[in-house]
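>>> Make a model of this:
(one chain, ligands or ions: 1)
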Amino acid sequence: MVSQVAADLVLLGGNVLTMNHLKPQAEAIAIKGGHIIKVGSDREVKPLIGKATRVIELNGKTVLPGFIDTHVHVVDFARLLMWLDVTDVDSIAELQRRIKEHLYKSTLNDWIVGRGWDDTRFAEQRMPNRFDLDAVAPDNPVIMYYKCGPLCVVNSKALELAAITKTTPDPIDGIIDRDVSTCEPTGILRGTATNLVFKKVPEPTFEKLVETTALALQKIVSTGITTIHWLATSEVDLDILKHLAEKKQVPLYIYLVIPLSLMGPQISKLPQNDFVKIGGVEILVDGYLSSGTAALSEQYSNAQSMNTNLLCTNAQLKETIKKVVNSGLQVIIHAMGDKAIDVALNALEAVNVKSRPRIDQPALFNPNLIERLKNQNVVLSVQPVVGESEFTVYAAIERLGKERARWLYPLKTLFESGIYVCGGSDCPMEPLNPLLAIQSAVKRQFFPEEELTLNEALQMYTINAAYASNEENKKGSIEEHKQADLTILSEPLYTLNLNKISNISVERVIIRGKLFENT
Ligand SMILES: [Zn+2]
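Now for the predicted structure:
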């Protein structure tokens, strides 16, 4: 009798945080056919163990619903994986050694592209320059990006290929660092000057991109993520995803968000199935705070020249929203500045969008906007780590003034007003790790009154993120009949110092009942 209902997989003795407020905690879970068939105590679940059931003893480990990241640029992440990672390098000598080692695997004309150096960690206590790179790479062009922002060091070969000499003028919003006595470029390029060299780096082949994107998806799963909202940037994304789907190399669920330019016949070539769905269309209303292109209702505090223009007119925005609504896809508006959010709300109200409209990457709010967001039932996809960088890397208080900066990423106020807030990484702009984002949301250096509780931060990456794509009936919490998408952590979350959440490792991930083990 028992064998008829026997589970495929049973987890026992865990600390299961279900994110289902009716039954927040449990010990054990039974899974069959990719779905959860029982959540309860060990005693309640054990009868579902049959001869062929795999049983995992969790010994008190924490189980959460699989994380959902609502903003990932997967192909850009894949491109980054092809680069030499020098994040942990602690001297220029070691940087040189890594480049030299990498050169052994390269041929003469290959570019060496790397990222992640941080001169504050260097024993030499200075930035690297072209001559440091020339010493180990005299023939191959080298470009090594700083740990964040548009800043890099290049060697003489790269300067030569980009035709940068001492007479080359600085581009708008960019600086070519120069030696004080000779005026020759030092190799350090800032802002848009980095593009002068990067545009010379050849595109990887399509085959290489497909291969690395498959690797990127595996890496995403290893961080405990079981669903991503993949923000596509071009038709190449569709082609890559099609290839991977055909080769059955899509291990997690993908909710694809396409740019407006891809709305058309080209999307029909992407077969949609249990793991791939074309979900929404992203409409850009403004740019980014960090680059000074987010549309603000009042000028940036520290510069007059910065752009506060919108990327579309009110009339265009309304027409575009209508077109997306008619296509049956979700309306996802990128609006970062307070002026952009205001314009987005006006247009959503005028068109009367009923099917869960969403604003992505909103950053700067005010009490009036929050009230309107609540009344119009708009879902917000917010990036907590981007928020932290606005303060720590991009000097938000200086650029916006303290009074306005107080309304930058006001997560607690948004939660308390009852707005659905979900979380994304914006990877590769920021790291993928959902536990890092959760830590950023519960521990803030600036305006700590806007810190979330751990439970609220977890909601952003689970149940609220499922709501953001109309899928809360299938996922986002550990409940019977929902998909068996689970993340198992190495350490208990609630007894831990909140500053250490991002150090927790993900031991196992279960997607539709399939087990992935991190070794
Ligand atoms: Zn993005």
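
>>> Run through the residues that contact Thr233.
73, 75-76, 259 (Cβ atoms under 8 Å, 6 or more residues apart in numbering). Any C-beta I mention is one placed from the backbone N, CA and C, and that applies to glycine too.

>>> What segments of the stretch 151-300 of the chain are strands?
In the stretch 151-300 of the chain, the segments counted as strands under DSSP state E, counting those that start in this stretch are 151-154, 174-178, 185-191, 225-231, 253-259, 276-284.

>>> same for the third one, what does it pack against?
Of the remaining helices and strands, those touching strand 185-191 by 3 or more Cβ pairs under 8 Å, 6 or more residues apart in numbering; DSSP states H and E are helix 130-136, strand 151-154, helix 156-161, strand 174-178.

>>> do that again at 10 Å, thanks
For strand 185-191, the packing partners by 3 or more Cβ pairs under 10 Å, 6 or more residues apart in numbering; DSSP states H and E come out as helix 130-136, strand 142-146, strand 151-154, helix 156-161, strand 174-178, helix 193-198.

>>> Please apply the same query to the second one.
For strand 174-178, the helices and strands in contact under the criterion 3+ Cβ pairs under 10 Å, 6+ apart are strand 151-154, strand 185-191, helix 193-198.

>>> looking at this, Ile36 is in a strand?
Yes - assignment of Ile36 by DSSP: H, G, I helix; E, B strand; the rest coil places it within a strand.

>>> mind checking the longest helix of this protein?
helix 206-222 (DSSP state H).

>>> If we go by neighbour counts, what in that helix is buried?
209-214, 216-217, 220-222 (16 or more other Cβ atoms under 10 Å).

>>> and of those residues, the nearest to Ala347?
Nearest to Ala347 among the buried residues of helix 206-222 is Ile220, at 32.7 Å by Cβ to Cβ.

>>> Surely that closest one and Val74 touch.
Yes - Ile220 is within contact range of Val74, at 7.6 Å (criterion: Cβ atoms under 10 Å).

>>> who touches both of these two?
228, 230, 254, 427 (Cβ atoms under 10 Å, 6 or more residues apart in numbering).

>>> Go through these and name the one with the lowest pLDDT.
Ranked by pLDDT, the shared contacts of Ile220 and Val74 bottom out at Cys427, which has 93.

>>> For that residue, list each beta-bridge partner.
Beta-bridge pairing for Cys427 (DSSP bridges): Val72.

>>> That one: what's it in contact with?
Counted by Cβ under 10 Å, 6+ apart, Cys427 has contacts 69, 71-74, 76-77, 80, 216, 219-220, 223, 225, 228, 231, 383, 385, 433.

>>> cool, Glu57 as well?
10-14, 42.

>>> Tell me if Asn109 really is in a helix.
No - using three-state DSSP, the assignment for Asn109 is coil, not a helix.

>>> Pop out the phi and psi values for the residue nearest to Ala123 when sequence neighbours are not counted.
Leaving aside its sequence neighbours, Ala123 sits nearest to Ser91 (Cβ to Cβ, 6 or more residues apart in numbering; 4.1 Å). For Ser91, the backbone dihedrals (degrees, to the nearest 10) come out as phi -160, psi 160.

>>> The nearest residue to Ser469 once chain neighbours are set aside and Pro150: what is the separation?
Leaving aside its chain neighbours, Ser469 sits nearest to Tyr255 (4.9 Å; criterion: Cβ to Cβ, 6+ apart). Distance, Tyr255 to Pro150, using Cβ to Cβ, to the nearest Å: 29 Å.

>>> Asp132 now?
20 Å.

>>> quick one, which of those two is more surrounded?
Asp132 (22 against 18; other Cβ atoms under 10 Å).

>>> Quick check, that one in contact with Glu124.
Yes - if you go by Cβ under 10 Å, Asp132 and Glu124 touch, sitting 9.0 Å apart.

>>> hey, what's in contact with both of these two?
Joint contacts of Asp132 and Glu124 (Cβ under 10 Å, 6+ apart) are 92-93, 95.

>>> Now secondary structure and pLDDT too, for these, in TSV please.
Below are the shared contacts of Asp132 and Glu124 laid out as TSV (DSSP: H, G, I helix; E, B strand; the rest coil; pLDDT from 0 to 100):
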residue	secondary structure	pLDDT
Ile92	helix	98
Ala93	helix	97
Leu95	helix	98
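
>>> could the residues you listed be laid out in a markdown table, adding neighbour count and distance to Pro185?
Shown next, in a markdown table, are the shared contacts of Asp132 and Glu124 (neighbours: other Cβ atoms under 10 Å; distance: Cβ to Cβ, whole Å):
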| residue | neighbour count | distance to Pro185 |
| --- | --- | --- |
| Ile92 | 22 | 18 |
| Ala93 | 13 | 23 |
| Leu95 | 24 | 19 |
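
>>> Nearest to Leu64 among the residues you listed?
Leu95 (38.0 Å).

>>> Now do the contacts for that closest one.
84, 86, 89, 114, 117, 119, 122, 124, 128, 132-133, 136, 144, 153.

>>> how far away is it from Ala294?
34 Å.

>>> Assumed Lys412 was part of a helix.
Yes - the assignment for Lys412 (three-state DSSP) places it in a helix.

>>> Could you list the buried residues of stretch 139-155?
Buried-residue list, stretch 139-155, by 16+ other Cβ under 10 Å: 140-146, 148, 150-155.

>>> That'll do, ta.
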